[in-house]
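**Q** okay, predicted coordinates and the sequence, questions at the end:
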Amino acid sequence: MSLIVERYFSATSQLVAGFLENLKHDDPAGYRRLQVAAVGGAVFRLETGFSTAGILDCKLFVIDPAGNSLEIGSIEVQNHVPN
């Protein structure tokens, strides 16, 4: 089981890094605000949804210390092809 958990955390780390790299490129000011929020105690939440139709979606949220959340990136995959 530990190998599965290790692979999961490796994969989620890569997804978060990809979302943040996209944000840094697409919205540098937003990325800087996110850095400030992270230093101030914000956390990240990664949600993954699956369906029997072959659709998978993954969303990254930042949650501030007050519990407010904001989606900062998402990806949808249909039949193993990212959209």
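**A** Yep, that arrived. Numbering: from 1, shown residues only.
**Q** okay, CA-based contacts and neighbour counts for the rest of this
**A** Will do.
**Q** next, the contact list for the residue nearest to the spatial centre of the chain, please.
**A** Central residue of the chain (Cα atoms, centre = their mean): residue 60, 2.8 Å from the mean position. Residue 60 makes contacts with 16, 19, 44, 45, 46, 47, 71, 72, 73, 74, as judged by Cα atoms under 8 Å, 6 or more residues apart in numbering.
**Q** contacts for the helix or strand hosting residue 30, please.
**A** Secondary structure from DSSP states H and E places residue 30 in helix 28-39. Around helix 28-39, the neighbours that count as contacts under Cα under 8 Å, 6+ apart are 20, 23, 24, 64.
**Q** what subset of those is buried?
**A** The neighbour count (16 or more other Cα atoms under 10 Å) marks 20, 23, 64 as buried among the contacts of helix 28-39.
**Q** so which of those residues are in strands?
**A** Among the buried ones among the contacts of helix 28-39, none falls in strands (DSSP state E).
**Q** need these in TSV (columns: pLDDT and distance to residue 5).
**A** As requested, those are exported to TSV (pLDDT from 0 to 100; distance: Cα to Cα, whole Å):
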residue	pLDDT	distance to residue 5
20	92	22
23	93	27
64	89	26
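**Q** closest one of those residues to residue 56?
**A** Nearest to residue 56 among these, counting by Cα to Cα, is residue 20 at 19.8 Å.
**Q** once you drop chain neighbours, what's closest to the closest one?
**A** Nearest residue to residue 20 in three dimensions, chain neighbours excluded: residue 31, at 7.4 Å (Cα to Cα, 6 or more residues apart in numbering).
**Q** how many residues are close by that neighbour?
**A** Neighbour count of residue 31, defined by other Cα atoms under 10 Å: 18.
**Q** equivalent analysis for residue 33, please.
**A** 12.
**Q** please determine how far it is located from residue 23.
**A** Remark: distance between residue 33 and residue 23 (Cα to Cα, to the nearest Å) = 11 Å.
**Q** and if you look at residue 54?
**A** Residue 54 is 27 Å from residue 23, by Cα to Cα.
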